[in-house]
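# coords please:
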Amino acid sequence: MNLAPRQHDILNLARERGYVSIDELAQAFAVTPQTIRRDINQLAEHGLLRRTHGGAACEASSIQNTAYGMRAGQMREEKQRIAEAVAAQIPDHASLFINIGTTTEAIARELQNHRGLKIITNNLHVAAQLSAKADFEVLVAGGTVRSDGGIVGQAAVDFIQQFKVDYAIVGISGIDEDGSLLDFDYQEVRVSQAIIDNARQVFLAADSSKFGRNAVVRLGSIALVDRVFTDSAPSAAITRLLHSHKVQLDLV
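The predicted model follows:
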């Protein structure tokens, strides 16, 4: 494919950041959003980018996740809005699970203004953020520690299964068009399944780049959660699925 200079630049930005939005590209190149959509469509048709709601993501492997440092920098503003919305729904003196993910870490930062929370987590970054609060009780699962601060393995599953909490705050790597929640690490998925099974209310925090993203391990259906917090409306098929299973959709 012979790429126009602007398309080269769009592709390079997507590779550098992992995700780019139509609005920011239109502003950066001083063109209309419609022009950017045409560029993205052409790049996607040749397998160079993956279209998402409101933007495009660098086409990545379905068996290996993006590096933690890159994930932490992607969709920062969207994750912050999601974090604020989720935190606003958590009352003081609640018990909650928080799993692995950069979005759940953003939520943990927003929870620092709460009082009397009891947090059970398999995310060392979350534990470090919240343990500084004197009136919080933070319990950390045992197991194998990954380079991104996640804790996985059977010991972590066994630990989680000892509790029944008010809320689970979970992130995910991808959401298929059929509503499947997808991730890359089988051991991480086992822990997340235990978290979902042992919470009274399950909040899924997923920015719009996660919709349509592929990953190899299936956690379960999006119907398992009670509320989905995201920054852009998902596809019609996902929206119908949420409606049919009475899953509340929170757009932020």
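
# List the contacts of stretch 92-101.
Residues outside stretch 92-101 that contact it (Cβ atoms under 8 Å, 6 or more residues apart in numbering): 90, 104, 107-108, 114-123, 126, 148-152, 160, 163, 165-172, 188, 191-192, 195, 198-199, 205. Backbone N, C-alpha and C define where each C-beta goes, glycine included.

# Show only the entries of these found in helices.
Of the contacts of stretch 92-101, the ones assigned to helices by DSSP state H are 104, 107, 108, 126, 160, 188, 191, 192, 195.

# hang on, isn't the second one packed against residue 85?
Right, residue 107. No - judged on Cβ atoms under 8 Å, residue 107 makes no contact with residue 85 at a distance of 9.2 Å.

# quick one, which of those two is more surrounded?
Remark: of residue 107 and residue 85, residue 107 carries more neighbours, 27 against 20, as counted by other Cβ atoms under 10 Å.

# Tell me the pLDDT of the more buried one.
Per-residue pLDDT puts residue 107 at 98.

# what mean pLDDT does stretch 31-45 have?
Across stretch 31-45, the average pLDDT comes to 91.

# Give me the neighbour count for residue 2.
Residues near residue 2, counting by other Cβ under 10 Å: 4.

# how close does it get to residue 100?
With distances taken as Cβ to Cβ, to the nearest Å, residue 2 is found 41 Å from residue 100.

# now residue 53
Counting by Cβ to Cβ, the gap from residue 53 to residue 100 is 23 Å.

# who's more crowded, these two?
residue 100 (29 against 19).

# And that one, how far from residue 205?
In this view, residue 100 and residue 205 are 12 Å apart by Cβ to Cβ.

# Kindly report the same for residue 9.
31 Å.

# Show me which of those two is the more surrounded one.
residue 205 (28 against 15).

# number of nearby residues for residue 110?
Neighbouring residues of residue 110 were enumerated by other Cβ under 10 Å; the total is 17.

# quick one: secondary structure of it?
Here residue 110 is recorded as helix under DSSP: H, G, I helix; E, B strand; the rest coil.

# Can you tell me, leaving aside adjacent residues, what's nearest to residue 107?
The shortest distance from residue 107 to any non-neighbouring residue, by Cβ to Cβ, 6 or more residues apart in numbering, is to residue 83 (4.4 Å).

# count of residues packed around residue 160?
Applying other Cβ under 10 Å, I find that residue 160 has 28 neighbouring residues.

# Return the per-residue confidence for the closest residue to it other than its chain neighbours.
Leaving aside its sequence neighbours, residue 160 sits nearest to residue 194 (Cβ to Cβ, 6+ apart; 4.2 Å). Looking at residue 194, its pLDDT reads 98.

# Verify the contact between residue 194 and residue 157 for me.
Yes - with contact defined as Cβ under 8 Å, residue 194 counts as touching residue 157 (4.9 Å).

# When these two are compared, which one has more neighbours?
residue 194 (23 against 19).

# Look up how far residue 22 lies from the residue nearest to residue 107.
For residue 83, the distance to residue 22 - Cβ to Cβ - is 23 Å.

# Which one of the two is surrounded by more residues?
Higher neighbour count among residue 83 and residue 22: residue 83, with 23 against 20, using other Cβ under 10 Å.

# Tell me where the stretch 1-150 of the chain has strands.
Counting by DSSP state E, counting those that start in this stretch, one finds strands in the stretch 1-150 of the chain at the ranges 19-21, 49-52, 55-58, 95-98, 118-121, 137-140, 144-145.
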